[in-house]
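**Student:** coords below, sequence missing:
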C-alpha cells in the first residue's frame, strides 16, 4: 500500500510540482492550499508524513504544526524561506522533525522524506528488547519510536527517537551540541545552536519532571549527558 503524504502549501504551482514528483515515485499525495484545509485534510487522511509551509494565507503554519503534533507523532517537514531563522527554530520547538529551505531540489526533498519514513516504518512483529534505565523506570524501544516511563507508554516522533537512541547508546558521556548535530544529522541540516530545543522537547517526553531532569542532564558550558538514572 502506498504511503501517504499531505502537502500544505499555498503556492499552487509548487504544490502541484511536489505532488507530481512524489506520485511518480509511488507516494499517494493529498494537497491543501491553506491552514484550515490542511488541518481538515490531516484529520481525514491520517497521512504518513506532512510537508508544511509555514507561510500560509489564513492560519499561521506554526499553529498548524502545533495542532498536528498535539494529535500525532507523524513526521512533519516544514518549508521555510532562507531568512526565516526564527520561524524554523519555533517550528522545531513545536515538534517539527525537519525543515527544508526554499528554493530546494526535489531530489533533496525526496531524500528527506524517505529518511523520515524509513525510521518510522513498523518493524516486523517479534519479541521486543528494551534498553532499561533508572532501575526499569525508563524503557527505550530501540526499534520503534516509543518509551515506557513508569509503566506508561509514550510515543515519540522519529527525530526524538533517533536523538534519544544516540544519547542512550552513549550514556555517561558528555556530548557537545556540535557532536550531536554532526552525528545525528550528518547532512548538516541542523544547526548546533538548535540542539537545545530538541533536548527540551525530548525531556517533555521522557522525564518524570522535565524541570528537574533525571536522565537527560545539562553539563553547563559543555553539552549534555544521558544519565543511567
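**Tutor:** Thanks, I have it. No experiment lies behind these values; they were computed from the predicted model shown.

**Student:** every contact and neighbour count from this point should use C-alpha atoms.
**Tutor:** Fine.

**Student:** now do the buried residues in stretch 99-108.
**Tutor:** Residues of stretch 99-108 classed as buried: 99-101 (neighbour count, 16 or more other C-alpha atoms under 10 Å).

**Student:** ok, then the element right after whatever helix or strand residue 162 lives in?
**Tutor:** Residue 162 belongs to helix 158-169 when assigned by DSSP states H and E. With elements assigned by DSSP H and E, the helix or strand that comes after helix 158-169 is strand 174-175.

**Student:** hmm, who's touching that next one?
**Tutor:** 219, 222-226 (C-alpha atoms under 8 Å, 6 or more residues apart in numbering).

**Student:** which of the buried residues of stretch 99-108 sits closest to residue 205?
**Tutor:** Distance to residue 205 across the buried residues of stretch 99-108 (C-alpha to C-alpha) is lowest for residue 99, with 21.3 Å.

**Student:** assign a three-state SS to the closest one, would you?
**Tutor:** strand (DSSP: H, G, I helix; E, B strand; the rest coil).

**Student:** residue contacts, it?
**Tutor:** Counting by C-alpha under 8 Å, 6+ apart, the residues that residue 99 touches are 77-80, 88, 189.

**Student:** dihedrals phi and psi, the closest residue to it other than its chain neighbours?
**Tutor:** The shortest distance from residue 99 to any non-neighbouring residue, by C-alpha to C-alpha, 6 or more residues apart in numbering, is to residue 78 (4.6 Å). Per-residue torsions, residue 78: phi -100, psi 140 (degrees, to the nearest 10).

**Student:** where does residue 78 land on pLDDT?
**Tutor:** Confidence at residue 78, expressed as pLDDT, is 95.

**Student:** selecting buried members of the contacts of residue 99 in ChimeraX, what would you type?
**Tutor:** For the buried members of the contacts of residue 99, the matching ChimeraX selection, counting by 16+ other C-alpha under 10 Å, is:
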select :77,78,79,80,88
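
**Student:** in strands, which of the contacts of residue 99 fall?
**Tutor:** Residues from these lying in strands, with DSSP state E as the criterion: 77-80.

**Student:** near the residue lying closest to residue 223 once chain neighbours are set aside, how many other residues are there?
**Tutor:** Distances taken as C-alpha to C-alpha, 6+ apart place residue 176 nearest to residue 223, at 4.2 Å, with adjacent residues excluded. Neighbourhood size, residue 176 [other C-alpha atoms under 10 Å]: 17.

**Student:** I figured residue 176 hits residue 221, correct?
**Tutor:** No. Here residue 176 does not reach residue 221: they are 9.1 Å apart, not a contact under C-alpha atoms under 8 Å.

**Student:** by mean pLDDT, flag the weakest helix or strand of this protein.
**Tutor:** helix 85-94 (a mean of 84; mean pLDDT, DSSP states H and E).

**Student:** now do the phi/psi pair for the residue most central in space within the chain.
**Tutor:** By C-alpha atoms, centre = their mean, the chain has its centre lying nearest to residue 97, at 2.3 Å. Per-residue torsions, residue 97: phi -90, psi -30 (degrees, to the nearest 10).
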